[in-house]
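Undergrad: 3D, please:
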Amino acid sequence: MVSSCRIFILVVLSALVSGCSTVRFAYDNADAYVRWQVHSYIVVEGQDADELDERIGEFHAWHRKNALPKYVTLAHEAAQRFSDGLSRADLVWGYDSARAQARESLRKAAELVAPLLERLTPEQIAAMERRIAEANRKFYRDHLRGTERDRRDRRARQAINRLEDWVGKLTQAQVQRVREYAESAPLTEELRDRDRKRLQKEVVAIVRARKAHAQLPERVANWEKGREPSVVATFEVSREQYFAMLVDVDRMLTDEQRTRVLGQMRRYADDFDALSAQ
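TA: Now for the predicted structure:
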């Protein structure tokens, strides 16, 4: 369920790299997508299935009313910060803001689904574990296969693609800076895999103990709690190198690239504002 709750948030955030019509389409269809994903983790029938759908709908309504207005404010502030040129402090603000929104939404989602989770049978919990195992195998295929060279090349391509979604075609100097980051920053996929499995194990234990109402909301909202110090340190190094790369690329932006990004940010703010009013 943790992964499924995050999916809803990621559907919204990932839409930020597309046109405004796609943002609205993605958000308006997120409810159906999340229902499909959650039902793949939590196999229920009859009244329990109806209750699960109602709770997903309640979360969507809550998110539209409570989270989207905050996205509007954040998008406007991000545009203002970006127009003045990015600094490390701006990136830390953006990172912290995104985490705060994720915590709030994950906590709410867990509160809503907890009563149903406490009624799952051992067979239903076993089915949930099988689905988690499938998701872990997909994570391996997507992130851990190949040599270190393959993975660093993949990291570079992904970073370039994400940036070009925002700014348009990168210059040769900008691409080179991204590749320097991809070569130097520590690879974190194995640690991410281990950390995901740690949290999954803890969530399943909470469900098995029928303590979802008392423990699950805070556990999923504080997903990093319990990480090994070495994992925390490596993630921090990787994040700092990523921030440094973004600051350098920002300094290389052409006027056309900066104007493009600002236009997208303002359209997203308008989109979120319109969605929250529906």
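
Undergrad: three-state assignment of the residue lying closest to Ala127 once chain neighbours are set aside?
TA: The shortest distance from Ala127 to any residue that is not its chain neighbour, by C-beta to C-beta, 6 or more residues apart in numbering, is 4.7 Å, and that residue is Val43. Where C-beta positions appear, they are placed from N, C-alpha and C, glycine not excepted. The local conformation at Val43, judged by DSSP: H, G, I helix; E, B strand; the rest coil, is coil.

Undergrad: phi, psi for Val43 please.
TA: Summarising the backbone geometry of Val43 under the convention degrees, to the nearest 10, its torsions are phi -90, psi 100.

Undergrad: ok, now which ones touch it?
TA: Residues near Val43 by C-beta atoms under 8 Å, 6 or more residues apart in numbering: 124, 127-128.

Undergrad: distance of it relative to Ser105?
TA: 24 Å (C-beta to C-beta, to the nearest Å).

Undergrad: same question for Glu224.
TA: Taking C-beta to C-beta as the measure, Glu224 and Ser105 are separated by 16 Å.

Undergrad: got it, and Val38?
TA: Distance, Val38 to Ser105, by C-beta to C-beta: 14 Å.

Undergrad: what comes up buried for the longest helix along the chain?
TA: Taking residue count as the measure and DSSP state H as the definition, the longest helix of the chain comes out as helix 88-117. Using 16 or more other C-beta atoms under 10 Å as the test for burial, helix 88-117 gives 90-91, 94, 97, 101-114, 116-117.

Undergrad: cool, stretch 179-196 as well?
TA: Along stretch 179-196, the positions that meet the burial threshold by neighbour count (16+ other C-beta under 10 Å) are 179, 181-182, 185, 187-189, 191-192, 195-196.

Undergrad: which of those fall in helices?
TA: In helices, judged by DSSP H, the following of these are found: 179, 181-182, 189, 191-192, 195-196.

Undergrad: let's verify Arg210: helix, strand, or coil?
TA: coil.

Undergrad: quick check, pLDDT for the nearest residue to it once chain neighbours are set aside.
TA: Nearest residue to Arg210 in three dimensions, chain neighbours excluded: Glu118, at 4.7 Å (C-beta to C-beta, 6+ apart). Listed pLDDT for Glu118 reads 94.

Undergrad: try Gly19
TA: Reading off the per-residue confidence, Gly19 sits at a pLDDT of 38.

Undergrad: least confident secondary structure element in the protein?
TA: Across the helices and strands of the chain, mean confidence by mean pLDDT, DSSP states H and E is lowest for helix 2-14: a mean of 41.

Undergrad: Ala32 and Thr121: what is the separation?
TA: In this structure, Ala32 and Thr121 are 27 Å apart, going by C-beta to C-beta.

Undergrad: before we move on, which element is Val34 in?
TA: When elements are defined using DSSP states H and E, Val34 is found to belong to helix 20-41.

Undergrad: could I get the average pLDDT for the next helix or strand after that helix?
TA: Where DSSP H and E defines the elements, the next helix or strand beyond helix 20-41 is helix 46-62. Along helix 46-62, the predicted local confidence has a mean pLDDT of 89.

Undergrad: pLDDT below threshold where in the protein?
TA: Within the chain, the set of residues satisfying pLDDT under 70 comprises 1-31, 33.

Undergrad: report back the residue of it that's furthest from centre.
TA: In terms of distance from the mean C-alpha position of the chain, Gly46 ranks first, at 31.2 Å (C-alpha atoms, centre = their mean).

Undergrad: didn't Arg81 look like it was pressed against Trp93?
TA: Yes: with contacts defined as C-beta atoms under 8 Å, Arg81 counts as touching Trp93 at a distance of 7.2 Å.

Undergrad: pull the CA atoms of stretch 80-100 into PDB?
TA: Only the C-alpha atoms of stretch 80-100 are listed here, as PDB (Å, rounded to 0.1, in the frame of the first residue of the first chain):
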ATOM      1  CA  GLN A  80      10.100  33.300  -8.600                       C
ATOM      2  CA  ARG A  81      13.200  31.500  -7.300                       C
ATOM      3  CA  PHE A  82      14.100  30.200 -10.700                       C
ATOM      4  CA  SER A  83      13.700  33.500 -12.400                       C
ATOM      5  CA  ASP A  84      16.500  34.900 -10.200                       C
ATOM      6  CA  GLY A  85      18.800  32.000 -10.800                       C
ATOM      7  CA  LEU A  86      19.000  28.800  -8.800                       C
ATOM      8  CA  SER A  87      21.100  28.400  -5.700                       C
ATOM      9  CA  ARG A  88      21.700  25.400  -3.500                       C
ATOM     10  CA  ALA A  89      19.300  26.900  -1.000                       C
ATOM     11  CA  ASP A  90      16.600  27.000  -3.600                       C
ATOM     12  CA  LEU A  91      17.100  23.400  -4.400                       C
ATOM     13  CA  VAL A  92      17.000  22.400  -0.700                       C
ATOM     14  CA  TRP A  93      13.800  24.400  -0.300                       C
ATOM     15  CA  GLY A  94      12.300  22.500  -3.300                       C
ATOM     16  CA  TYR A  95      13.400  19.100  -1.900                       C
ATOM     17  CA  ASP A  96      12.100  19.800   1.500                       C
ATOM     18  CA  SER A  97       8.800  21.100   0.200                       C
ATOM     19  CA  ALA A  98       8.200  18.000  -1.900                       C
ATOM     20  CA  ARG A  99       9.000  15.800   1.000                       C
ATOM     21  CA  ALA A 100       6.600  17.700   3.200                       C
END
